[in-house]
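[1] here is the input, now give the coordinates:
(one chain, ligands or ions: 1)
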Amino acid sequence: MIEADYVVVGAGSAGCVVAARLSETGAQVVLLEAGPKDSALWIHIPAGILKLLDHPVLNWNYAAAGPNQRSIHWPRGKTLGGSSSINGMLYVRGNPADFDGWAQMGCRGWSFDDVLPYFRKSEHYKQGDDAEYRGKGGPLKVEDYRTILPLTHKFIEAAQEAGHVFRKDLNGREQEGVGYSQMTRRGRWRGSTAQTFLREARSRDNLRVETEALASRLVFEGTRCVGVKYRQYGQEQEIRARKEVILSGGAINSPHLLQISGIGPAAHLQSIGVPVVADLLGVGGNLQDHYVTRVSHRVSGSVSINTLSRGIALAGQVARFFTVGNGALTFGVTTAQVFTRSSPEKSSPDLQLLFTPASYDNQKFGTLEQQDGMTVAVCPVRPDSRGTIMARSADPWEKPLIQPNYLSDPADMRVTMAGVRFTREIFAQRPIAQFSTVETMPGPAIQTEDALLDYAKQTGTTIYHPVGTCRMGDGPSAVVDSRLRVHGIHGLRVIDASVMPTLTTGNTNAPTIMIGEKGADMIKADNAA
Ligand SMILES: Cc1cc2nc3c(=O)[nH]c(=O)nc-3n(C[C@H](O)[C@H](O)[C@H](O)COP(=O)(O)OP(=O)(O)OC[C@H]3O[C@@H](n4cnc5c(N)ncnc54)[C@H](O)[C@@H]3O)c2cc1C
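    A predicted model of the protein is given here:
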């Protein structure tokens, strides 16, 4: 049996940060990752996301219950870097109100003023001259979107004409308005946490990374977590943690591993034959996700990614990528964003409109349409609907039941409707309207609230931001305390997107990396005392 000071389960957005930072202290750190090394080329080419969305090896390929009895595909990265190795690479911190809200809910030390230093510490943003907000010198390379398609400029002009203020830096002082996307990218290559944090730390002898090692149970002595059982290359193994076990398996796998190890709602654990170690009601509850409804247009008179991703044009883009390192292959999907409020009573944005100079083939998952198109994904970014993730059995290899209950709260429907209205207003402005021949989705015939709601339920999808299933805080539904320690258990923390009490106003990778930074600092401080 091997032993280490710290055992980190999951080398994803947060796990790589935690392992890298803990290894700075000289402590023995072992990082267990269920997936393989991140050696596949598609991972490193930003546009490769389309090849990774349902990759049979590098993706967990979960299925969630959607509205109207639909099943919705839920990708999650299964390789070094986790979901940061397969994501759209958007760098979005969220709104100060998100973190101040966490603090008000009882998460001590998580207000915006508390977390800002960790956002700054993690990043290297070359254009980040506003030193109060942005960081330079951190492992995570953040870059501005590099423009190759005029459609994105035109969308930004149109949004301004529709009344949205232009923001040079959507991660700076003000979030509300329209601006270009920023991405976690190293030059032309994807900047996952494996290729940034972990890469810098890998030379340290005290950090050991085990890939294709699936943690199957946490090991307890009484209420102390002392190690992890895992399977690697067909062999059952166990590793002991002298100081702590850190669970960074992400918003699906962390609550699942806790449940099958005996930490969760006692009645449910008993019903699936798992002996109860701690009755924690909240494990797997409080699930929140970003559910989007798309508005698409047929484009004429300008090129979209649809054309660039096929035939001769694609060959040109591939050559451009490998020679000069720019072009369509260097960005993920969304090139511009609007943050706005669904109604004036809201004190901060509750809507994100994500613009992509491309359009999707609804019949084939992850495929772009043949003809040129452009799309806005309308996202109620602070949803009120809540769901659950529950183990179906004690078997670590059986996927859990995922029920997000999308649009179950009427408030989310109202915000979605407002977002579709705002999007239509932007697309009606001349700078972008001149390139549209028709609204293809939902289409001009769909106008009434009922028709739009049907459309949202029938065609909406996830943009892959599940959080909240090991909620931080106090009270019966909280799973971890403000120092991310599992309530009632010693030697065990959860550090990943699952600890967020509420979703942030935007994409979740940057906030998860911040949680990794802050969590690692807490471990260092608590173990130095
Ligand atoms: C397709 C896609 C696109 C996205 N686009 C964006 C975007 O553009 N911008 C943005 O900000 N966010 C985006 N996100 C969301 C963002 O990437 C996630 O919120 C973030 O990566 C979550 O980090 P995490 O550390 O919680 O989990 P993950 O990064 O998913 O890491 C969990 C890791 O743990 C491993 N693991 C799980 N269980 C076990 C086990 N039992 N044993 C061993 N290892 C285990 C997994 O294999 C994985 O490597 C996207 C996500 C996806 C899937």
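[2] only C-alpha atoms for contact and neighbour calcs from this point on.
    OK.
[3] whichever strand in the chain runs longest close to the ligand?
    As assigned by DSSP state E, the longest strand anywhere in the chain is strand 235-247. No - applying CA under 6 Å from any ligand atom, one finds strand 235-247 separated from the ligand by no less than 8.4 Å.
[4] which other residues reach the very next helix or strand once past that strand?
    Next in sequence after strand 235-247, counting helices and strands by DSSP states H and E, comes helix 250-260. For helix 250-260, contacts defined as CA atoms under 8 Å, 6 or more residues apart in numbering pick out 10, 12, 215-218, 247-248, 264-265, 269, 274, 283-284, 389-391, 393-396, 400, 466-470, 494, 496-499.
[5] give me the residue from the stretch 301-450 of the chain nearest the ligand.
    Distance from the ligand to each residue of the stretch 301-450 of the chain (CA to the nearest ligand atom) is smallest for residue 332, at 7.2 Å.
[6] mind listing what residue 494 touches?
    246-248, 254, 470, 480, 484-486.
[7] with neighbour count and pLDDT as new columns, can those residues be given to me in JSON lines?
    Shown next, in JSON lines, are these (neighbours: other CA atoms under 10 Å; pLDDT from 0 to 100):
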{"residue": "246", "neighbour count": "30", "pLDDT": "98"}
{"residue": "247", "neighbour count": "27", "pLDDT": "98"}
{"residue": "248", "neighbour count": "29", "pLDDT": "98"}
{"residue": "254", "neighbour count": "24", "pLDDT": "98"}
{"residue": "470", "neighbour count": "34", "pLDDT": "98"}
{"residue": "480", "neighbour count": "27", "pLDDT": "98"}
{"residue": "484", "neighbour count": "25", "pLDDT": "98"}
{"residue": "485", "neighbour count": "22", "pLDDT": "98"}
{"residue": "486", "neighbour count": "25", "pLDDT": "98"}
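[8] in CSV, list these along with distance to residue 289.
    Shown next, in CSV, are those (distance: CA to CA, whole Å):
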residue, distance to residue 289
246, 23
247, 20
248, 18
254, 16
470, 14
480, 20
484, 21
485, 24
486, 23
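[9] quick check, nearest of these to the ligand?
    Using CA to the nearest ligand atom, the contacts of residue 494 come closest to the ligand at residue 248, 5.7 Å.
[10] wait, doesn't that closest one sit right on residue 19?
    No - between residue 248 and residue 19 there is no contact under CA atoms under 8 Å: 10.0 Å.
[11] selection in PyMOL covering whichever of the contacts of helix 250-260 are buried, please.
    Typed into PyMOL, the line below selects the buried ones among the contacts of helix 250-260, using 16 or more other CA atoms under 10 Å:
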select buried, resi 10+12+215+216+217+218+247+248+264+265+269+274+283+284+389+390+391+393+394+396+400+466+467+468+469+470+494+496+497+498+499
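[12] among the contacts of helix 250-260, which are in strands?
    215-218, 247, 264, 389-390, 494.
[13] give me the contact list for the helix or strand of the chain with the lowest mean pLDDT.
    Least confident helix or strand, the chain: helix 311-323 with a mean of 87, by mean pLDDT, DSSP states H and E. Defining contact as CA under 8 Å, 6+ apart, one finds that helix 311-323 is touched by 188, 307-308, 326-330.
[14] now stretch 438-458: average pLDDT?
    What stretch 438-458 shows for mean pLDDT is 96.
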